[in-house]
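[1] Okay, here's the prediction I keep looking at, along with the sequence it came from:
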Amino acid sequence: MREQEIIDLLLRHNEHGMEALLQYYGPLLRYMIASILPDPQDQEDCLSEVLMRVWDKIEQFDRSRGSWNAWLTALARNAALNRARKAQAASCTQTLPENSASAEPTPEEIVIRREREERLRHAFMLLSSKERMLIYRKYYYLQSTAQIARELGTTERAVEGKLYRIKKRLRKMLGGDGHV
Amino acid sequence: MFDSERHFMQETDLDERLKRDIPDPPPEEIIHQVTPWRKAMRQVLFGSAFASITLHAYCLDYILPAVGMILSILGFRTLRKENKWFRTCFLLTAVQAVYLFVHLILNTTILQEAGNTSLEWWVLVVGKAALAFSTLYGLWRGLRAVQKKAGLPPRAGSALALLAWNVVLYVIGVLCPDVMILAGVMIVAYILIIRSLYKLSKELDHAGYTIETAPVKVTDRAAAIGLTAVLLIGCVCGYAFGGSYRMDWTPLPEAEHQGATDIETHLLDLGFPKDVLDDLQSEEVLACKDALQVISQTYDAKAGYGIIDTLSKDSSDPNASSTAASLRITTVAVQLPGERAEWRMIHHFQWLDKPRFYGTEAIRIRTSYNMENWDYIGPASGRLLYTKNGTSYTALYHFLGDQAYTSSDMVLGETTSTDLFAAFSLPNDGENQRGYIAYTVRSKPIASILNTLIDYNHQKSLLQYPAVTAMENCQTDVWSRAYAFKLINDQFLLHPDDAYPPIVDKADSKETA
């Protein structure tokens, strides 16, 4: 089934749209969630939550701001991060940063964050496509080094080495003094 | 850069900042790239495509399959943990790679010249085909398994089509290799199948998120470089150690011709060239006992560049003396006593300067179009010689004898001939490399000219792929000959007027008496 057909079904709140969404995009959503939530039960719960969010927020999807896959990826990531943060808060063993992806920021924080994002976006443009992909895998998809290495047909050590070099460049571009 | 920003960078962890501020949503290129499936599947697809291509230009029929095999290995290596079909594909591809690499390395040597028997050839063809078909079947089943796992309807018809295409190609190649009419159809079918497979791979991007990738201990790049290095080192070793015949050189015994001094003197009186006489084995000298007459001809040929060089080598040619002669070919015909004209033919060659010998050399003797009036009395004999630090060494030819072969010609079509061949290798660490071939011909009652063509095939370069011997090169048609060889031709004509008078004179004189 084509992507637009699924979107159209969802926009009409047709249940076949949900079935098709799960069939064709379930693997993508699971893939996204699995690297953030290690527990299989959490993953399934999160997937259900994401599907509900898609059902509820399908009208917010704007192709001019990103592709369908990108939108689903972002939804899944945010849902998984929220769930992970809640789980950690509940266990009180570790606290996620306050301003993690799903936290509600103040207007001032929003401005500062936008500035930072803009600088980071500019720095990212100076990276090669492969370097950007590596950074996204590590810091957006939150994949482990082992997973990245497996999927890229390389070793963990090689991934760590590349990430180290990329971060060194980024730090320089962002005005850091050579240490993290 | 703001101070606060610098301060921020100093105070906070870059990792946290990247997690927090990384542009969201990711660019489309990132969305496409981040998948466990795409890279491995593209490697497998391009690998299968390259491995199936046969382009007879610039060695692409060897380079592309090698590249394809490396890509397939890397792709299946990543996918091998996903299901048993991909794991099987990985193992089969590894076996195919070993076979291909050994084949490619052997192609740099003349060991493959040893040839396969018909049975061995069939075993190899069938075995290779079975491996290729099994791999494609495994790919088809593996793709279906991935779709099934993702809850999608299993469809991978294009992989099955590629398998069918390969089967048809093998059948055509084995049963009727000359059928060119299907070539266009097969190429179009191949392009469509690869396009279809590529589309399938894209469609499978969704299902591909479910696959489980296998960890590796060596990176793709290191593995590719390593495999390429193994191949290149193997090829270099092949060129260095596998391009020549093993020759059994032994020091030449001194005073070899003791006991044949009278015959030698007689032959010299008849005009036998001394250089050639000195190189003959004593049996050869003894065979020329009671020689009636000696006719000799010496040509100096320049062995420069070019594939075929038929120079005006007659010493009486003023142009010949101005060129640097490299190879001297001397033909000596010794008429022996007998009822019919019987001649001991001796073809002697001598490298006058010191060329580089890269692999193999060959001499072909053709007694063209008149053999119905002459009997060739074999077997031929001969030997090789060279000098090093004042000591002469000798060896027998690697091969010396008659050899039947088939060659094709644009004018005559496919022809089968039987000629006298000598195959050998010469050392580079000596000088005055030389040798000779001797045999006997006897005329039939009807007088006729004996036309003897001497083709010396000199290997002038190491770089040829696949490696062929000078003897093999001799046996191919002019347009298929390898650039690495230089062919030097000589011709010797024995006229009836030269051959018969002594016999006729003797007979006449006897009758008169």
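    Thanks, I have it.
[2] quick check, stretch B:93-100 touching chain A?
    No. Between stretch B:93-100 and chain A, judged by Cβ under 8 Å from any Cβ of the partner chain, nothing touches; the nearest distance is 14.6 Å. For the C-beta atoms, the positions are set from N, CA and C on the backbone; glycine is no exception.
[3] Kindly apply the preceding question to stretch B:194-213 instead.
    Yes. Contact of stretch B:194-213 with chain A (Cβ under 8 Å from any Cβ) involves B:His206, B:Ala207, B:Gly208, B:Tyr209, B:Thr210, B:Thr213.
[4] Switch those over to JSON lines; also include pLDDT and secondary structure.
    Shown next, in JSON lines, are the residues of stretch B:194-213 next to chain A (pLDDT from 0 to 100; DSSP: H, G, I helix; E, B strand; the rest coil):
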{"residue": "B:His206", "pLDDT": "78", "secondary structure": "helix"}
{"residue": "B:Ala207", "pLDDT": "78", "secondary structure": "helix"}
{"residue": "B:Gly208", "pLDDT": "80", "secondary structure": "helix"}
{"residue": "B:Tyr209", "pLDDT": "84", "secondary structure": "coil"}
{"residue": "B:Thr210", "pLDDT": "82", "secondary structure": "coil"}
{"residue": "B:Thr213", "pLDDT": "88", "secondary structure": "coil"}
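[5] Buried ones from the residues you listed, can you make that a ChimeraX selection?
    Entered in ChimeraX, the line below selects the buried ones among the residues of stretch B:194-213 next to chain A, by 16 or more other Cβ atoms under 10 Å in any protein chain shown:
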select /B:206,207,208,209,210,213
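[6] which of the residues of stretch B:194-213 next to chain A lies closest to B:Val102?
    Comparing those against B:Val102 with Cβ to Cβ places B:Thr213 closest, at 29.7 Å.
[7] any weak-confidence spans in the stretch 251-400 of chain B?
    Across the stretch 251-400 of chain B, the ranges flagged by pLDDT under 70 are B:302-325, B:368-371.
[8] make it 90
    Scanning the stretch 251-400 of chain B for pLDDT under 90 picks out B:252-264, B:270, B:282-284, B:286-293, B:296, B:298-327, B:335-343, B:352-359, B:366-379, B:389-390.
[9] Could you break chain A into its assigned domains?
    A:1-104, A:107-180 (automatic domain parsing).
[10] next one: chain B
    According to automatic domain parsing, the domains of chain B span B:20-241, B:260-512.
[11] For A:Asn14, which of those domains is the nearest?
    That would be domain B:20-241 among the domains of chain B, by Cβ to Cβ, at 19.3 Å.
[12] The closest one: end-to-end distance?
    61 Å (Cα to Cα, to the nearest Å).
[13] ok, now stretch B:146-164?
    Stretch B:146-164 stretches 21 Å from its first residue to its last (Cα to Cα).
[14] Quick check: mean pLDDT of that stretch?
    Across stretch B:146-164, the average pLDDT comes to 81.
[15] how about the strands in the stretch 101-250 of chain B?
    B:250-251 (DSSP state E, counting those that start in this stretch).
[16] now do the stretch 251-400 of chain B
    Counting by DSSP E, counting those that start in this stretch, the strands of the stretch 251-400 of chain B are B:293-301, B:308-309, B:327-336, B:342-351, B:361-368, B:374-388, B:391-395, B:399-409.
[17] For the stretch 151-300 of chain B, what lies in contact range of chain A?
    B:151-152, B:206-210, B:213-221.
[18] could I get the domains of chain A as JSON lines with distance to chain B and mean pLDDT?
    Listed next are those as JSON lines, based on distance: least, Cβ to the nearest Cβ, whole Å; pLDDT from 0 to 100:
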{"stretch": "domain A:1-104", "distance to chain B": "4", "mean pLDDT": "84"}
{"stretch": "domain A:107-180", "distance to chain B": "4", "mean pLDDT": "85"}
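[19] any chance of the ones you listed in a markdown table, with mean neighbour count and distance to B:Arg38 too?
    Shown next, in a markdown table, are the domains of chain A (neighbours: other Cβ atoms under 10 Å in any protein chain shown; distance: least, Cβ to Cβ, whole Å):
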| stretch | mean neighbour count | distance to B:Arg38 |
| --- | --- | --- |
| domain A:1-104 | 16 | 12 |
| domain A:107-180 | 17 | 9 |
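[20] B:Phe424 pairs with what?
    B:Glu361 (DSSP bridges).
[21] for B:Gln335, that is, sorry about that
    B:Gln293, B:Trp343.
[22] Give the burial count for it, as a bare number.
    By other Cβ atoms under 10 Å in any protein chain shown, the residues close to B:Gln335 number 24.
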